[in-house]
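Asker: Below: sequence and its predicted model.
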Amino acid sequence: MTSELKFAFIGAGPIGGIMGAYLAHAGHYVVLCDILKEHLDAIKKDGLTITGVWEQTVEIERLAYSISELANFPEVNTIVLCTKAAIMPRLIPEIKKIARPGMRFICNQNGLDNEDFMAETFGPDNVLRIVANYAGGVAGQGEIWMSFFNPPNYIGAVTAEGEPAARQIAEMMTSAGLETHFTTNIKKYEWDKVILNAALNPVCAVTQKTMRDMMTFDLTIELSEKLIREGVKVAEADGIIFDEGFVEHGMQYLKKAGYHKPSMLQDIERGAPTEIDWISLKIVEYGRKHGIETPYNLTVTALVKGLELKSKAPKEH
């Protein structure tokens, strides 16, 4: 067993806020860090309220309004990055400034190979990866709606050196009520989630329709299935072995989606960078690595990136 873990969550939105709330409610040391001042002010005043799947208001006294403020909490030995993957490259240098010897760093984000990117700065022995199977949205200042939890989550380490900490965190999260399994094959679960995200998120972003809209229209249903099959082919070439019936189960899972705007569509609507580079483009890049054509993923990647360019265009006067 490793030493007592004390967490700082960078990103107090649905992913970081929910995990942080569960661990804080179980009595663990938690710092929430975000630049959303009103959100943190509300948490400071009334606690962090989680509604939906889990109904609870959790008192969290330790708050940081910037990454640099985490230096005020020298007890922290575990940093959990829960922001959008798109902004990770510019956050890593800030995190490096407050990093100390012995710290662990955890990626809890969408995307493929995020932990490898983080390991380039902090060393592979110090980096872990969570694939979360819960989600939600910000319902108001200091309030997060937990829309679903399909247990378990998975956690793994980049190297064997990090496995004891990964096992410990899995036990802590499970005991806190957020069932999480340790795995020595975290890449498989990254691929599972990336392929399903790539099958629907960019389709919704391009059409500006909800997930339910796209999974009740024959042509986009067919497109989503082709995106999944293409992703599976690429992943298998990279050595990933899928559970039997993965494609069929994945399609049924997507068809259960409600009238929800996925984060990629929300990003496009806000004019914010999407996570397309860490999801669909990753499938394209791995396809090129293995000599596999990925026309469906290439097409949706190009269209989403085109929308990102449009969002950056100066407004005419």
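Answerer: That came through, no problem. Numbering: from 1, shown residues only.
Asker: Check what contacts stretch 138-148 and list those residues.
Answerer: 13-14, 17-18, 21, 38-39, 41-43, 45-54, 134-137, 260 (C-beta atoms under 8 Å, 6 or more residues apart in numbering). (Glycine included, C-beta is placed from N, CA and C.)
Asker: Go through the chain and flag its longest helix.
Answerer: Counting residues, the longest helix in the chain under DSSP state H turns out to be helix 186-207.
Asker: Okay, buried residues for that one please.
Answerer: 186-206 (16 or more other C-beta atoms under 10 Å).
Asker: Show me the helices in this structure, by range?
Answerer: Counting by DSSP H, the helices of the chain are 14-25, 37-46, 88-98, 114-122, 163-175, 186-207, 211-214, 218-237, 246-255, 263-270, 280-289, 295-312.
Asker: Any chance of the ones you listed in TSV with distance to R62 and mean pLDDT as columns?
Answerer: Shown next, in TSV, are those (distance: least, C-beta to C-beta, whole Å; pLDDT from 0 to 100):
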stretch	distance to R62	mean pLDDT
helix 14-25	9	98
helix 37-46	10	98
helix 88-98	14	97
helix 114-122	22	98
helix 163-175	17	98
helix 186-207	28	97
helix 211-214	35	94
helix 218-237	39	98
helix 246-255	36	94
helix 263-270	27	92
helix 280-289	34	98
helix 295-312	35	90
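Asker: Need these in TSV (columns: distance to K6).
Answerer: Putting these into TSV (distance: least, C-beta to C-beta, whole Å) gives the following:
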stretch	distance to K6
helix 14-25	10
helix 37-46	18
helix 88-98	14
helix 114-122	17
helix 163-175	11
helix 186-207	23
helix 211-214	37
helix 218-237	36
helix 246-255	35
helix 263-270	29
helix 280-289	32
helix 295-312	37
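Asker: right, and the ones you listed - which one's nearest Y65?
Answerer: Set against Y65 and scored by C-beta to C-beta, the helices of the chain come closest in helix 37-46, at 6.1 Å.
Asker: What lies in contact with that closest one?
Answerer: Residues contacting helix 37-46 (C-beta under 8 Å, 6+ apart): 12, 32, 34, 57, 60-61, 63, 65, 138, 140-143.
Asker: give me that answer again for 7 Å
Answerer: Under the contact criterion C-beta atoms under 7 Å, 6 or more residues apart in numbering, helix 37-46 has outside partners A12, L32, D34, I60, L63, Y65, Q141, G142.
Asker: how about A24, what does it touch?
Answerer: Neighbour list for A24: V30, V58, I60 [criterion: C-beta under 7 Å, 6+ apart].
Asker: thought the first one was touching L23?
Answerer: Right, the one you point to is V30. Yes. Counting by C-beta atoms under 7 Å, L23 is a contact partner of V30 at 5.5 Å.
Asker: So this protein: which segments form each domain?
Answerer: Domain assignment for the chain, taken from automatic domain parsing, gives 7-184, 188-308.
Asker: and the longest one, how far out from the chain's middle?
Answerer: Averaged C-alpha coordinates place domain 7-184 at 10 Å from its chain's average position (C-alpha atoms, centre = their mean, to the nearest Å).
Asker: ok, now stretch 270-285?
Answerer: Counting by C-alpha atoms, centre = their mean, stretch 270-285 is centred 13 Å from the centre of its parent chain.
Asker: that older thread, what sits in contact with each of V30 and L23?
Answerer: Joint contacts of V30 and L23 (C-beta under 7 Å, 6+ apart) are F7.
Asker: that older thread, so which of the helices of the chain gets nearest A157?
Answerer: Closest approach to A157 among these is made by helix 163-175 (4.6 Å; C-beta to C-beta).
Asker: which parts of that closest one are buried?
Answerer: Buried, per 16+ other C-beta under 10 Å, within helix 163-175: E163, A165, A166, R167, Q168, I169, A170, M172, M173, T174.
Asker: Repeat that for stretch 208-218.
Answerer: K209, T210, M211, R212, D213, M214, M215.
Asker: Tell me, how many residues neighbour Y286?
Answerer: 22 (other C-beta atoms under 10 Å).
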